[in-house]
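Asker: okay, predicted coordinates and the sequence, questions at the end:
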Amino acid sequence: MIDSNSQFFAILTAVGEAKQANATALGTPWTFKEMAVGDANGTDPIPSKTQTKLVNEWRRAPVNQVRTDPANPNIIITEQVIPPDVGGRWIREIGLFDADGDLVAVANCAPSFKPLLAQGTGKTQVIRMNFIVANTAQIVLKIDPAVVLATREYVDNAVAGAALPADKKPGAYRQVTIDKRGIVLSGANPTTLGGYGITDAYSKVEVDQLISSVPKQATEAVLGMAKVATQAQIDEGVDNTTFITPLKLSWRVATETIGGTAKVATQLQVLAGTDDSTIVTPKKLHAALPSQATEAIAGVARVATQAQIDEGTDNTTFITPLKLSWRVATETVGGTAKIATQLQVRTGADDSTIVTPKKLQTAFSGRFIHSALAPKPTDGSVGTLWLQYEEP
């Protein structure tokens, strides 16, 4: 009965020991061909060197592989894979047969039931036999290509050892080279555009050269770079080192106190004369006003020349205060004159000013006397005034 004291092991049979010694002495190859499993008729078998067959064999099939243990080269590992559709029996004993069909190694194992899929469960079961030999030089280590089933460990080891060699450093790579099967041969992490084969872009060196060739600050005389002006800088109007964007320019609206932008007034706005936020073009101004001002129509007119003022014949121009002051009245030319002072009227010496009725009355008050004794006028007048002269 199997319990915690039971021992499980594999040994070479007497035939197996003889064949190993013969192969070592003669240098001939020794090949393992098949592996068998049995249920030992429900007993707990003990491997014996004298065995030539299993107690009760129920399956024999080619070995999947024969190899040495990587940790101990004197240990031979043989393997067989039992597919899910084979079974329905217990496994208690294992036998290894060579190419001649002789049982050369035998082993016992802990009882393991191999179910069938028809039983409602199934599994792929791997059977391995490990046994120690004195010399592995003549043992043929192989994998049977006719065996379709392979263990996951075998696949992992095969892929890692052959398809994916262990000489590649693990890590993340942005550029890799692969072979025709898609196996990564090499990897790299370029740090330049040239490393990626990009030819239609500037490299860092070229960009640095372009930047270094451009002045740090644009001026009226030198091409360069500049920052975008803030709205406060635009409103202040004192900064000469920044640029104005169309958006910020649109916010700078002209008023009576701030210089800025304004729309051109429509002809209707010009004629209405009520809009105070647009500007008038010469064309619209000309269309809004008559070509010549007259006594009946408000319009535009030129300033008269001094000659036109002196001639006094032009009726289409305007006279400015300055030119009017130059038009002084004389005995021969009509013009302007100052009003004489009372003293000028009394002394009677000034000939360039004019006398008002008030100053004339004041100057001659008491000097004119009406007398009934005066001679009668002969021209039909009412009477005669005698001038009384007084020394000043």
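Answerer: Structure's in. What do you need?
Asker: okay, CA-based contacts and neighbour counts for the rest of this
Answerer: Will do.
Asker: can you give me the end-to-end span of stretch 339-351?
Answerer: 11 Å (Cα to Cα, to the nearest Å).
Asker: enumerate every residue touching residue 356.
Answerer: When contacts are counted by Cα atoms under 8 Å, 6 or more residues apart in numbering, residue 356 is found next to 339, 340.
Asker: heads up, I number from 46, so please use that
Answerer: Yes, from this point I'll number from 46; that puts the last item at residue 401.
Asker: remind me which residues of the stretch 146-295 of the chain are low pLDDT?
Answerer: 180-181, 183-212, 259-260 (pLDDT under 70).
Asker: how about a cut-off of 90?
Answerer: 161-169, 174-295 (pLDDT under 90).
Asker: quick one, strands of it?
Answerer: With strands called from DSSP state E, counting those that start in this stretch, the stretch 146-295 of the chain shows them at 148-159, 170-177, 220-223, 229-233.
Asker: elements contacting the last one?
Answerer: By that I understand strand 229-233. On a contact count with 3 or more Cα pairs under 8 Å, 6 or more residues apart in numbering; DSSP states H and E, strand 229-233 meets strand 220-223.
Asker: all the strands of the stretch 296-437 of the chain, residue numbers only.
Answerer: 413-415, 430-432.
Asker: worst average pLDDT in those?
Answerer: Mean pLDDT per stretch puts strand 430-432 lowest among the strands of the stretch 296-437 of the chain, at a mean of 49.
Asker: next secondary structure after the strand or helix carrying residue 111?
Answerer: Per DSSP states H and E: residue 111 is located in strand 110-114. Where DSSP H and E defines the elements, the next helix or strand beyond strand 110-114 is strand 117-127.
Asker: gap between that next one and the chain center?
Answerer: 61 Å (Cα atoms, centre = their mean, to the nearest Å).
Asker: and that strand, which strands flank it?
Answerer: Using DSSP bridges, the strands paired with strand 117-127 are strand 110-114 (antiparallel), strand 170-177 (antiparallel).
Asker: and those as JSON lines, adding mean neighbour count?
Answerer: Listed next are these as JSON lines, based on neighbours: other Cα atoms under 10 Å:
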{"stretch": "strand 110-114", "mean neighbour count": "18"}
{"stretch": "strand 170-177", "mean neighbour count": "18"}
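Asker: sorry, back to before: using CSV, write out every CA atom in the strand holding residue 111.
Answerer: Written as CSV, here are the backbone C-alpha positions of strand 110-114 (Å, rounded to 0.1, in the frame of the first residue of the first chain):
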residue,chain,number,x,y,z
GLN,A,110,12.7,13.3,-26.2
VAL,A,111,15.8,12.0,-24.6
ARG,A,112,18.1,14.5,-22.9
THR,A,113,20.5,15.0,-20.0
ASP,A,114,19.6,16.9,-16.9
